[in-house]
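Chemist: I'll drop the sequence and a predicted model, then ask my questions.
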Amino acid sequence: MTSEGIRKDAVLIQAFPDLRDVPFGFAKTQLLQEHERRVGASVDQMDGIVTVTQGGHISIDCHYKMSSDYRATPFWYIQPLGEHPRLLLSDFGNGNLSEQFHQGFEAKHERKNKTYNLEKKASQLNDSAVYFCAVSDTVGWFGREANRKLARNRSKKKHLQ
């Protein structure tokens, strides 16, 4: 036990229920408010601080809401103590991610239930971190305008020797 009453083999997981509470300094509040105003996307992480014994199962729930017809693309970020947040997993095509990248974590995207829950079968001490779930709206429709722009830009492209 440490002086704070936490076992030395405990893995501390913190999940913020609202990204506005995140203690790192980019303009997240303004970006989130603008995103919610335009698209109506929000994420709920209700787990708060979770303590897991080393080797124990980690499970963090992520529920999202979208008020538009955009296709939701969820992400999980990890922020170890003293480091910047980095991408852990996404449903944007994880097929080629190395084990080092996702650290043994898995997340299953259930579009019908609007969930992207994070799990790991056996926790390790270096899993102690803050975990963030985020969702992005992705336009899934490609029309003629996009094709025309691409063709126009391709013809103007200069080749450098």
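Modeler: Perfect, I can see it now.
Chemist: quick one: residues contacting residue 90.
Modeler: Taking CB atoms under 8 Å, 6 or more residues apart in numbering as the criterion, residue 90 is in contact with 73, 74, 75, 76. Bear in mind the C-beta positions are built from the backbone N, C-alpha and C, glycine included.
Chemist: I'd like these as a markdown table, with distance to residue 61, pLDDT and neighbour count appended.
Modeler: What follows is those, written out as a markdown table (distance: CB to CB, whole Å; pLDDT from 0 to 100; neighbours: other CB atoms under 10 Å):
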| residue | distance to residue 61 | pLDDT | neighbour count |
| --- | --- | --- | --- |
| 73 | 18 | 83 | 17 |
| 74 | 12 | 86 | 23 |
| 75 | 15 | 87 | 19 |
| 76 | 11 | 88 | 23 |
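Chemist: any chance of those in CSV, with distance to residue 109 too?
Modeler: As requested, the contacts of residue 90 are arranged in CSV below (distance: CB to CB, whole Å):
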residue, distance to residue 109
73, 9
74, 6
75, 10
76, 11
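Chemist: what sits against residue 115?
Modeler: Contacts of residue 115 by CB under 8 Å, 6+ apart are 61, 62, 63, 64, 109.
Chemist: residues contacting the closest residue in space to the third one that isn't next to it in sequence?
Modeler: Distances taken as CB to CB, 6 or more residues apart in numbering put residue 44 closest to residue 63, at 4.6 Å, once the chain neighbours are dropped. With contacts defined as CB under 8 Å, 6+ apart, the neighbours of residue 44 are 17, 62, 63, 64, 65.
Chemist: surely the fourth one meets residue 73?
Modeler: When you say that, I think you mean residue 64. No. The pair residue 64 / residue 73 is not scored as a contact, 10.1 Å apart, by CB atoms under 8 Å.
Chemist: closest to residue 114 among the contacts of residue 90?
Modeler: residue 74 (8.9 Å; CB to CB).
Chemist: picking up where we left off before, closest one of the contacts of residue 115 to residue 133?
Modeler: Residue 133 lies nearest to residue 62 out of the contacts of residue 115, by CB to CB, at 3.5 Å.
Chemist: relative to residue 77, how far out is the closest one?
Modeler: 11 Å (CB to CB, to the nearest Å).
Chemist: neighbour count winner among the two?
Modeler: residue 62 (25 against 19; other CB atoms under 10 Å).
Chemist: thinking again about what came up before, pull out the buried members of the contacts of residue 44.
Modeler: 62, 63, 64 (16 or more other CB atoms under 10 Å).
Chemist: quick revisit: out of the contacts of residue 44, which are inside strands?
Modeler: 63, 64, 65 (DSSP state E).
Chemist: nothing else from me, thank you.
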